[in-house]
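A.B. asks: pasting the structure only:
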């Protein structure tokens with residue numbers, strides 16, 4: 001179960017950005033810049049429009065013919081309308097990238113990026129805390145992103161991902177700064193603690209109430225203080241069972257996981 005979690009995280013990352021050789025995944029050296037799939041890696045963080053433009057030609061079209069009598073999209077736009085783009089929307093329903101661009105003509109039309117890689121569980125409040133931290137950082141870092149990214153090519157994010165998967169909060173990561181020494185090295189736990197005020201500022205900017213921010217980001221802070229994540233809880237629990245056959249240990253782990261998850265308490269309180 002624990003190993004499956006690590007393998008799953010690795011697969012998510014490689015589904016988003018492409019794959020690497022087995023040797024390079026465990027190599028502490030920086031590899032040559034790794035291009036995500038066939039996309040340009042510089043800049044490797046782009047908006048919904050660029051994601052959508054990439055997705056359509058990259059994946060094989062399952063239904064290339066028009067399915068409705070509506071005029072072609074450009075003609076509809078020239079007349080001030082919102083194109084339905086039925087074929088594109090059908091195509092989007094057949095690909096499931098972890099960063100998935102989605103277009104919909106309803107309600108005046110909109111384009112969004114569906115982020116599907118947030119961890120599930122172990123309890124609803126844990127999931128809300130993880131989402132709040134991510135959304136807060138997405139908004140809070142927006143002002144400095146353009147200044148930080150030139151010093152942070154994709155290969156550094158690639159490197160960070162594997163270090164974090166291997167060592168969790170103890171991982172030594174690279175992080176961009178605004179000075180000439182960028183990027184600098186920092187322990188993942190210290191980086192998260194440093195970014196908590198940034199996440200709080202981001203959530204406040206979009207109107208999240210003080211009490212809700214304090215609750216959800218407080219759960220993240222508790223994880224840092226106790227050095228406890230869902231994965232580390234699983235490992236510690238298995239170790240606490242002592243020298244028993246592994247299948248029995250995993251069965252007992254799942255039984256305890258179900259009981260504790262039913263309490264609704266964050267994993268730091270288990």
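C.D. replies: Happy to help now that I have it. Predicted, not measured: the structure shown is a model, and the values here were computed from it. Numbering: from 1, shown residues only.
A.B. asks: residue 137 contacts residue 194, doesn't it?
C.D. replies: No: contact criterion Cβ atoms under 8 Å: residue 137 and residue 194 do not qualify, at 11.1 Å. Where C-beta positions appear, they are placed from N, C-alpha and C, glycine not excepted.
A.B. asks: those two: who's more crowded?
C.D. replies: Here residue 137 and residue 194 are compared on neighbour count by other Cβ atoms under 10 Å; more neighbours surround residue 137, at 19 against 11.
A.B. asks: the more buried one belongs to a strand?
C.D. replies: No: counting by DSSP: H, G, I helix; E, B strand; the rest coil, residue 137 falls outside a strand, being helix.
A.B. asks: that one and residue 250, how far apart?
C.D. replies: 34 Å (Cβ to Cβ, to the nearest Å).
A.B. asks: secondary structure element holding residue 94?
C.D. replies: For residue 94, there is no host helix or strand (DSSP states H and E).
A.B. asks: count the residues that sit near it.
C.D. replies: So residue 94, with other Cβ under 10 Å, has 11 neighbours.
A.B. asks: cool, residue 111 as well?
C.D. replies: Residue 111, neighbours per other Cβ under 10 Å, totals 13.
A.B. asks: before we move on, which element is it in?
C.D. replies: With DSSP H and E as criterion, residue 111 is part of strand 110-115.
A.B. asks: then residue 156?
C.D. replies: helix 154-167.
A.B. asks: identify each buried residue in the very next helix or strand once past that helix, please.
C.D. replies: The helix or strand immediately downstream of helix 154-167 is strand 172-175, counting by DSSP H and E. Residues of strand 172-175 classed as buried by neighbour count (16 or more other Cβ atoms under 10 Å): 173-175.
A.B. asks: and what of stretch 221-240?
C.D. replies: 221, 223-224, 228-234, 237-238.
A.B. asks: ok, residues contacting that stretch?
C.D. replies: With Cβ atoms under 8 Å, 6 or more residues apart in numbering as the test, stretch 221-240 has contacts from 1-2, 5-6, 119, 121-122, 126, 168-169, 189, 192-193, 196, 249-250, 253, 256-257, 266-270.
A.B. asks: so where do the strands sit in the protein?
C.D. replies: Using DSSP state E, the strands found in the chain span residues 99-104, 110-115, 172-175, 184-187.
A.B. asks: I'd like these as CSV, with mean pLDDT appended.
C.D. replies: Below are the strands of the chain laid out as CSV (pLDDT from 0 to 100):
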stretch, mean pLDDT
strand 99-104, 82
strand 110-115, 81
strand 172-175, 95
strand 184-187, 94
